[in-house]
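Trainee: build me a structure from this.
(one chain, ligands or ions: 3)
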Amino acid sequence: MTNAELTTAPTLRIPGPATPYQGDIARYWDGEARPVNLRLGDVDGLYHHHYGIGEVDTASLGNPEDSESEKKLITELHRLESAQADFLLGHLGDIGRDDTLVDAGCGRGGSMVMAHQRFGCSVEGVTLSAKQADFANGRAAELGIGDHVRARVCNMLSTPFATGSAAASWNNESSMYVDLDDLFAEHSRVLKVGGRYVTITGCWNPRYGQPSKWVSQINAHFECNIHSRREYLRAMADNRLVPQAVIDLTPDTLPYWELRATSSLVTGIEDAFINSYRDGSFQYLLIAADRV
Ligand SMILES: C[S@@+](CC[C@H](N)C(=O)[O-])C[C@H]1O[C@@H](n2cnc3c(N)ncnc32)[C@H](O)[C@@H]1O
Ligand SMILES: CC(C)=CCC/C(C)=C/COP(=O)(O)OP(=O)(O)O
Ligand SMILES: [Mg+2]
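Mentor: Ligands and ions are numbered 1, 2, ... in the order given. Purely as a prediction, here's the structure:
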């Protein structure tokens, strides 16, 4: 049986997109099929569209001459990407089986599956891409968790979720596609008071001055608009989201990029990430905030 045939209910689609830009982003992700994402996802069926953190386990890579070395490298990159999602989920607080979580910009749903496996809870995801939502729902059906994990085609700035209904919500590398005031107003509405919001994101560093050429290159590559660290903190403060932790993951993500740059799956954006992380113009941050 194919992935699509296993989907029990049709993917929900909220009519849209609201802006021409969102139409561009929907098309971008509908058309995305990079081996660096699909071959990593094939390792264990968790499909991510985010980057990795943690030390590279060099022993696991074996001898570069050996015939299995590419497979080992892919497995290691995937392990680091899943470690990133684990780290995010570890900041959501105490989540119970009856809670509902919201994944804003859920991609192919890897983080949603991990959240359900970790907490036993329900997870609602939104993406602009119908292909991604169908893929995520297909994976949930294959895993037999379609009753708890659901993706829909919907703008994260205007979701159908009831006010105060979510115990926690997150953006994993998806906040650079939206206005942060609009985004945090919607998270603040959907979260219950005392709930937790977490993002892992790349942001430009106000200490550097302005977005560097590397940051501009990343924006052009992904058609996104990277915000500054200052914008994140200001927009959260304006929307009843009070940071509980701000963790600079830049040193933790560099090993992932340095390893990825040696693989056959490079996409051409590796140097922009490596150079901007090294020159201090760009930072990889986790921000966990309480909805007060
Ligand atoms: C880089 S991917 C991250 C996917 C996922 N969070 C992960 O970690 O695998 C960015 C995602 O943001 C979604 N996105 C961008 N703008 C959006 C919007 N306005 N509403 C809903 N999803 C959006 C895209 O459709 C895509 O799924
Ligand atoms: C940290 C920043 C600025 C992220 C931008 C958003 C983005 C495209 C994330 C990774 O997606 P992906 O996994 O599809 O990208 P790739 O194909 O490069 O692995
Ligand atoms: Mg990727």
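Trainee: so which residues of the stretch 1-150 of the chain form helices?
Mentor: 3-6, 20-30, 35-41, 58-61, 69-89, 110-119, 130-143 (DSSP state H, counting those that start in this stretch).
Trainee: surely Asn225 is within a strand?
Mentor: No: using DSSP: H, G, I helix; E, B strand; the rest coil, the assignment for Asn225 is coil, not a strand.
Trainee: pretty sure it is touching Leu180, no?
Mentor: No: the criterion here is Cβ atoms under 8 Å, and Asn225 misses it with Leu180 at 10.1 Å. C-beta here means a position set from N, CA and C on the backbone, and glycine is covered the same way.
Trainee: residues of stretch 122-132 that come out buried?
Mentor: Neighbour-count burial for stretch 122-132, counted by 16 or more other Cβ atoms under 10 Å, picks out 122-132.
Trainee: who's in contact with Ala167?
Mentor: Contact analysis of Ala167 by Cβ atoms under 8 Å, 6 or more residues apart in numbering lists 92-93, 95-96, 99-101, 121, 191-192, 195-196.
Trainee: can you tell me the SS state at it?
Mentor: strand.
Trainee: please name every helix or strand in contact with the host helix or strand of Thr199.
Mentor: Per DSSP states H and E, Thr199 falls inside strand 191-204. Packing contacts for strand 191-204, counted by 3 or more Cβ pairs under 8 Å, 6 or more residues apart in numbering; DSSP states H and E, involve helix 69-89, strand 166-172, helix 180-190, helix 229-237, strand 282-291.
Trainee: pull the CA atoms of that strand into CSV?
Mentor: C-alpha atoms of strand 191-204 as CSV (Å, rounded to 0.1, in the frame of the first residue of the first chain):
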residue,chain,number,x,y,z
LEU,A,191,-1.9,29.1,23.7
LYS,A,192,-3.5,28.7,27.1
VAL,A,193,-2.2,31.1,29.8
GLY,A,194,0.8,29.4,31.3
GLY,A,195,1.5,27.5,28.0
ARG,A,196,4.9,27.4,26.4
TYR,A,197,6.1,28.7,23.0
VAL,A,198,9.4,27.5,21.6
THR,A,199,11.2,28.5,18.4
ILE,A,200,14.5,27.3,16.9
THR,A,201,15.5,29.8,14.3
GLY,A,202,18.3,31.4,12.4
CYS,A,203,18.4,35.2,13.1
TRP,A,204,20.8,38.0,12.2
